[in-house]
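Enquirer: my questions are about this predicted structure, shown below with the sequence.
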Amino acid sequence: MKAYRASLLYFDPVSEGQAHARFESDGLLVVGPDVRGVHVVQAVGAYQQLRDQYVGVSTTHFPGRILAPGFVDMHVHYPQTNVIGSPADGLLPWLENHTFPEEQRFEAPDYCADAASFFVDELLRNGVTTALTFATSHPESVHALFSAAQRSHLRLMTGLCLMDRNAPAQVLNRSTNDSSADATEQSLIVSEALIQRWHGKGRLGYAITPRFAPSCSDAQLAGAGVLAAKYPEVWIQSHVAENKDEIAWARRLFPHSRSYLATYADFGLMRPRSVYAHCIHFDDDDRALMRDTGAAAAVCPTSNLFLGSGFFDYAGADRVGCSYGLASDVGGGTSFSPFHTMLAAYYVAREGQSKQGLSLTPQQLWWQHTAGAAQAMGLDGVVGNLLPGCEADFVVLNPQATPLLARKTARAANLDELLFAMVVLGDDRLIERTVISQSDAPIQQRTDGR
Ligand code: GUN
Ligand code: ZN
C-alpha cells in the first residue's frame with residue numbers, strides 16, 4: 001500500500017451525464033492491490049480525516065500539486081502522429097493526400113515499433129492513461145501498439161483497421177499467399193486471432209475497427225458484425241457523420257439504410273462498447289439510435305475545427321440522451337494534450353450556444369475527458385476517477401508550471417476558476433508526472449473483458 005498527500009480532484013459517483021467535481025485542498029489518496037493484484041484506489045478524502053487509519057503507510061507528499069484522474073482519450077490514431085498539422089480542403093482530400101501515404105509505411109514492423117513507442121510516451125507525457133486507438137490495416141501495427149502499451153501498463157484498446165475498398169492498395173487489407181481466403185475474409189480471420197491473442201491481457205482490450213463504412217464492403221461490415229456479436233465484451237470503433245462529402249458518399253454506397261449511422265446498426269455494429277468518432281451531422285433519429293443501442297460518441301473538437309468538419313451538437317446529444325466523451329483524434333486533431341481538447345470543446349459549445357443556449361462548465365469539460373469518457377466506453381468505476389475501486393491512474397498537476405498559470409491559478413476564487421485557468425492555459429507542462437496503476441500479478445487472461 002502507498003499513499004499520496006496533495007490537493008485532490010475527482011468526481012462524485014453520478015447518474016448519466018452528470019459532472020460534479022470534488023476538491024480536497026489537503027487530501028490523501030491511498031492506493032493498493034485488489035484481489036487480482038491490480039493497484040486500485042483504497043481510500044480518498046481529507047488528509048486530516050484519513051491520516052489515523054493509514055499511519056505507517058509510506059506517504060509521498062506533493063506540496064502545491066493537484067492529483068487528478070488520468071485522462072481518457074476516446075479516439076486517437078497512433079499511425080497519424082506524423083500527420084498532425086497537414087492542411088487539406090476537408091476530410092476526403094486529407095485522407096488521400098496526407099493520411100493514406102503515411103499509413104502505408106506501417107507495413108514495416110520497425111516503423112510500427114518506433115511509432116508505437118513514441119505514441120505511448122506522448123500519451124503518458126500528456127497525462128492520458130486510457131486510449132481507444134486506431135492502428136492501420138497491417139497486423140504488425142496492432143502487435144506493435146499492444147506490445148508498447150503492455151510495456152508501459154497503459155490501458156489501451158486497439159484493433160486491425162478494416163478497409164477492403166476505396167483506398168490505395170497499400171493501405172487496404174490483404175490476403176496472404178498461404179491462405180485461400182480473400183482479403184476480406186482474411187481481415188476477419190486476423191481480427192479474431194488478434195482478439196484471442198490480446199483482448200483482456202492485463203489492461204489491453206481489442207476493438208473491432210471498420211475504418212468507416214465507405215472503406216468497407218458489405219461482406220466486411222457483415223463479418224465485423226458477426227465478430228461483435230460473438231465477442232460482446234470487445235469494443236467497436238469507427239467514424240460517422242464527420243463531413244458532408246463523406247456522408248453523401250456513404251449514402252450512395254448504402255442506400256438501403258435510413259442514414260449513414262443506421263448503416264452500422266444494420267450490420268450489427270451498434271451496441272454498448274461501440275464508439276463512433278465525430279457524430280456531427282445527426283438528426284434526432286440518429287441520436288435516438290445512439291441512445292437506444294448504448295453506443296457512444298467520441299467528440300473530436302480540435303480535429304473538427306482543423307478539418308472544417310463542423311460542430312458537435314451538445315444540446316442535441318443532451319436533449320435525446322446519448323452518451324459522449326472527448327477525444328484528440330490525432331492526426332486530424334492537432335494535439336495530444338487533453339487541455340487543448342477541452343478548450344476546443346468549449347469553443348465548439350460556444351458556437352452551438354448561439355443556436356442552442358449552451359455553455360460548458362470546466363467541470364463538465366474535465367468530466368468528459370475522464371469519468372464521463374470512461375462511462376461512455378463501459379469503463380465506469382474502472383478508470384477516469386479516483387473513487388475507491390478505480391484503477392490508480394492519476395496525474396500530478398503543477399499549477400505553477402508556467403508564470404501565467406501560476407499567476408492565474410493563484411487568483412482563482414473558486415473551483416471553477418481554478419479548473420478554467422488550467423483548461424485554457426494548460427498543456428503538457430502542467431502534467432508534472434503521470435502515475436499508472438501497477439499490477440503485482442503476472443499479466444494474465446481476464447475473463448470479464450476489462
Ligand atoms: N474517416 C475515415 N478515416 C478517418 C481518419 O483517419 N480520420 C478522420 N478524422 N476521419 C476518418
Ligand atoms: Zn479518427
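Expert: Structure received. Numbers count the residues shown, from 1 in each chain. Ligands and ions are numbered 1, 2, ... in the order given.

Enquirer: every contact and neighbour count from this point should use C-alpha atoms.
Expert: Noted.

Enquirer: so the most centrally placed residue in the chain, which of the three states?
Expert: Of all residues in the chain, the one closest to the mean position by C-alpha atoms, centre = their mean is Met74, 1.8 Å from it. Three-state call for Met74 (DSSP: H, G, I helix; E, B strand; the rest coil): strand.

Enquirer: surely it is in contact with Val330?
Expert: No - the pair Met74 / Val330 is not scored as a contact, 11.1 Å apart, by C-alpha atoms under 8 Å.

Enquirer: tell me where the stretch 101-250 of the chain has strands.
Expert: Assigned by DSSP state E, counting those that start in this stretch, the stretch 101-250 of the chain shows strands spanning 128-134, 155-158, 161-162, 204-210, 235-240.

Enquirer: can you tell me which of the ones you listed is nearest to ligand 1?
Expert: Between ligand 1 and those, the tightest spacing by C-alpha to the nearest ligand atom is seen for strand 235-240, at 5.4 Å.

Enquirer: so which elements touch that closest one?
Expert: Packing partners of strand 235-240 (3 or more C-alpha pairs under 8 Å, 6 or more residues apart in numbering; DSSP states H and E): strand 204-210, strand 274-278.

Enquirer: what does the helix or strand following the shortest one contact?
Expert: Counting by DSSP states H and E, the element after strand 274-278 in chain order, helix or strand, is helix 284-293. Counting contacts by C-alpha atoms under 8 Å, 6 or more residues apart in numbering, the residues outside helix 284-293 that touch it are 259, 261-262, 270-272, 296, 316-317, 320-323.

Enquirer: hang on, the earlier thing: shared neighbours of Met74 and Val330, which are they?
Expert: With C-alpha under 8 Å, 6+ apart as the test, Met74 and Val330 reach no residue in common.

Enquirer: distance of the residue nearest to the centre of the chain relative to ligand 1?
Expert: Distance of Met74 to ligand 1, given as C-alpha to the nearest ligand atom, to the nearest Å: 13 Å.

Enquirer: what sits up against stretch 31-41?
Expert: Residues from elsewhere that reach stretch 31-41 (C-alpha under 8 Å, 6+ apart): 1-3, 29-30, 42-43, 386-392, 437-441.

Enquirer: need the distance between the two termini of that stretch.
Expert: The straight-line separation of the ends of stretch 31-41 (C-alpha to C-alpha, to the nearest Å) is 5 Å.

Enquirer: chain center to it: distance?
Expert: A distance of 23 Å separates the centroid of the chain from that of stretch 31-41, by C-alpha atoms, centre = their mean, to the nearest Å.

Enquirer: up against ligand 1, what does the stretch 101-250 of the chain have?
Expert: 211-212, 239 (C-alpha under 6 Å from any ligand atom).

Enquirer: same thing but 8 Å
Expert: Contact residues (C-alpha under 8 Å from any ligand atom) of the stretch 101-250 of the chain with ligand 1: 211-212, 215, 238-240, 242.

Enquirer: could you measure from the nearest residue to Glu391 once chain neighbours are set aside over to Leu124?
Expert: Closest residue to Glu391 in three dimensions, ignoring its sequence neighbours and counting by C-alpha to C-alpha, 6 or more residues apart in numbering: Val40, at 4.2 Å. Per C-alpha to C-alpha, Val40 is found 18 Å from Leu124.

Enquirer: rounded mean pLDDT for the longest helix seen in the chain, please.
Expert: As assigned by DSSP state H, the longest helix anywhere in the chain is helix 338-356. Mean per-residue pLDDT for helix 338-356: 86.

Enquirer: same question for stretch 216-225.
Expert: 98.

Enquirer: what does that stretch rub up against?
Expert: Here stretch 216-225 makes contact (C-alpha under 8 Å, 6+ apart) with 162-166, 184-185, 188, 208, 210, 213, 264, 267-269.

Enquirer: which residues of this protein score low on pLDDT?
Expert: By pLDDT under 70, the low-scoring segments of the chain are 14-17, 353-357, 440-450.

Enquirer: how about 50 then?
Expert: For the chain, the stretches with pLDDT under 50 are 443-450.

Enquirer: in the longest helix of the chain, which residues are buried?
Expert: Neighbour-count burial for helix 338-356 flags 338-353 (criterion: 16 or more other C-alpha atoms under 10 Å).

Enquirer: following it, which helix or strand comes up?
Expert: helix 362-368.

Enquirer: could you point out which element follows that following helix?
Expert: Using DSSP H and E, the next helix or strand after helix 362-368 towards the C-terminus is helix 371-376.
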